[in-house]
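Undergrad: Attaching a predicted model along with its sequence, questions to come.
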Amino acid sequence: MNDLEGLAPEQIEKISKARERVIDSIGKNMDLYGITLSIGHLYGYMYFNQGPVTLDELSKTMGMSKTSMSTGVRTLLDLKMIDKVWGKGTRKDLFEVVPDWHQNFSDYFSIKWRKAVEGNMNALSKSMNEIKDMKAEYSDDAELLKLLDNDEEKIGEAVKYYRWLLKLIEALESGKIFELIPKET
């Protein structure tokens with residue numbers, strides 16, 4: 001990383017070691033949330049970089065193929081953890097970290113949870129409609145109606161949960177979550 005130029009070798013080694021420890025920690029943490037370790041490391045390297053970088057620079061720094069870097073950068077862009085920026089005098093794409101970890105957390109979970117909620121709500125709605133159809137078709141079967149009522153109630157509880165989760169997602173997206181749990185300053 002070019003910000004270390006001009007330092008004594010022992011200083012570079014100590015700074016690099018400290019950074020590597022943090023980068024590895026970032027990678028492991030992101031791996032817990034479904035982002036590969038290598039993409040977590042990519043984010044960590046970009047986090048410590050002093051300014052925007054190209055895919056070529058990332059590939060060289062991390063010792064990975066440009067294709068792997070491209071995939072990792074695309075993932076981080078989709079998660080809104082990095083931005084594509086303009087650089088005067090260069091034709092290559094430049095990328096830099098969005099340094100707000102709170103916003104990164106909010107964006108990541110909003111994106112992932114919203115997608116999951118939509119899929120689950122669709123499944124619940126389809127099942128609820130099928131139960132209602134069965135209740136109409138077998139309205140004279142008390143035993144079956146009791147079973148269907150029970151299932152309908154359970155699905156209703158799941159729907160309530162996903163509605164609550166949507167409110168949490170909206171609180172993350174709007175920043176209202178930080179009124180309940182303020183950021184440290």
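TA: The structure has been received and is ready for your questions.
Undergrad: how many other residues sit next to the nearest residue to Gly51 once chain neighbours are set aside?
TA: Distances taken as Cβ to Cβ, 6 or more residues apart in numbering put Glu96 closest to Gly51, at 6.7 Å, once the chain neighbours are dropped. Bear in mind the C-beta positions are built from the backbone N, C-alpha and C, glycine included. Neighbours of Glu96 under the rule other Cβ atoms under 10 Å: 17.
Undergrad: Quick check: which element contains the residue most central in space within the chain?
TA: Nearest to the geometric centre of the chain sits Tyr108, at 2.7 Å (Cα atoms, centre = their mean). Using DSSP states H and E, Tyr108 sits within helix 101-137.
Undergrad: residues of that helix that come out buried?
TA: By 16 or more other Cβ atoms under 10 Å, the buried positions in helix 101-137 come out as 103-104, 106-111, 113-114, 117, 121, 124, 128, 131, 134.
Undergrad: list the helices and strands that helix packs on?
TA: For helix 101-137, the elements it packs on are helix 142-174, judged by 3 or more Cβ pairs under 8 Å, 6 or more residues apart in numbering; DSSP states H and E.
Undergrad: Which residue ranges make up the domains of this structure?
TA: Listed domain ranges for the chain are 2-98, 102-180 (source: automatic domain parsing).
Undergrad: Please identify the most buried of those domains.
TA: domain 2-98 (a mean of 15; mean count of other Cβ atoms under 10 Å).
Undergrad: and the nearest residue in space to Met62 that is not next to it in sequence, what is it in contact with?
TA: Spatial nearest neighbour of Met62, excluding adjacent residues (Cβ to Cβ, 6+ apart): Tyr45 at 6.1 Å. Counting by Cβ atoms under 8 Å, 6 or more residues apart in numbering, Tyr45 makes contact with 1, 23, 58, 61-62.
Undergrad: Which pLDDT value goes with the residue of the chain positioned farthest from its centre?
TA: Largest separation from the mean C-alpha position in the chain: Asp140, at 49.2 Å (Cα atoms, centre = their mean). With respect to pLDDT, Asp140 has a value of 96.
Undergrad: same question, the one 10 residues further on
TA: Among the per-residue scores, Asn150 shows a pLDDT of 97.
Undergrad: And Met1, by the same measure?
TA: The predicted local confidence for Met1 is 45.
Undergrad: my read: Leu145 touches Ala136, true?
TA: No. Using Cβ atoms under 8 Å, Leu145 is not in contact with Ala136; the gap is 10.4 Å.
Undergrad: Surely Lys84 is within a strand?
TA: Yes. Assessed by DSSP: H, G, I helix; E, B strand; the rest coil, Lys84 belongs to a strand.
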